[in-house]
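[1] Predicted coordinates and the sequence they were generated for:
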Amino acid sequence: MKRITLPLTDEQILTLKAGDSVLLSGTMITGRDAAHKRLFELAEQGKELPVNIKGETIYYVGPAPAKPGYAVGPAGPTSSYRMDKFTPRLLDSGLKGMIGKGKRSKEVIEAIVRNRAVYFAAIGGAAALIAKSIKKTEPVCYDDLGTESVRRYYVEDFPCVVAIDCEGNDIYNV
């Protein structure tokens, strides 16, 4: 089990290999389809993004409402392929890590290698367990999207697996 402090550094990324079990602590941002589409469109137009994604890790999540004593409700990963058409552009704009579930497209894997980034898989079906690792959340942008808005999470021991490392090794294509 590797313990990694976010935000990711290039040195940390180089040590991560596909299949490594990881506990993430620190800060990450969140966003799903609608937020990705907006960020992508701004990036394509050369406009400034409402969130600095350089060096960030984004978690593909739309959590349920928080229960008393929790920062968020159950917060399981979204299927990552839904972000694939936007991801290469965001990686080229400085995004360093992604957390979701499932396979990624050839174009995303190429962008991961090109940008020395990493894709983590979170455990589908473990939404309540994952929520326990999220200690604080705050809005960043696109509040009109509700649970799909971009938020900043402060996490401790967020469990995941390196699914695609910076060399393109992929646990889904063994």
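    That came through fine.
[2] Now for Ala131, how many residues are close by?
    20 (other CB atoms under 10 Å). For every residue, glycine as well, the C-beta is placed using N, CA and C.
[3] same deal with the one 4 residues further on?
    A count of neighbours around Lys135, defined by other CB under 10 Å, yields 15.
[4] quick one: buried residues of the longest helix along the chain?
    Identified as the longest helix of the chain according to DSSP state H is helix 33-44. Buried residues in helix 33-44, counted by 16 or more other CB atoms under 10 Å: Asp33, Ala34, Ala35, His36, Arg38, Leu39, Phe40, Ala43.
[5] next structured bit after it?
    If you walk from helix 33-44 toward the C-terminus, the next helix or strand you reach (DSSP states H and E) is strand 57-59.
[6] and the helix or strand just after that next one, which residues are buried?
    Later in the chain than strand 57-59, the nearest helix or strand by DSSP H and E is helix 87-92. In terms of neighbour count (16+ other CB under 10 Å), helix 87-92 has its buried residues at Thr87, Pro88, Arg89, Leu90, Leu91.
[7] gap between the last one and Ser25?
    Counting by CB to CB, to the nearest Å, the separation of Leu91 from Ser25 is 23 Å.
[8] now swap in the fourth one and tell me
    Taking CB to CB as the criterion, Leu90 is separated from Ser25 by 23 Å.
[9] now swap in the second one and tell me
    Note on Pro88: its distance to Ser25, by CB to CB, is 28 Å.
[10] list the contacts for the spatially closest residue to Leu145 that is not a sequence neighbour?
    Spatial nearest neighbour of Leu145, excluding adjacent residues (CB to CB, 6 or more residues apart in numbering): Ala34 at 5.1 Å. Going by CB atoms under 8 Å, 6 or more residues apart in numbering, Ala34 touches Tyr142, Leu145, Glu148.
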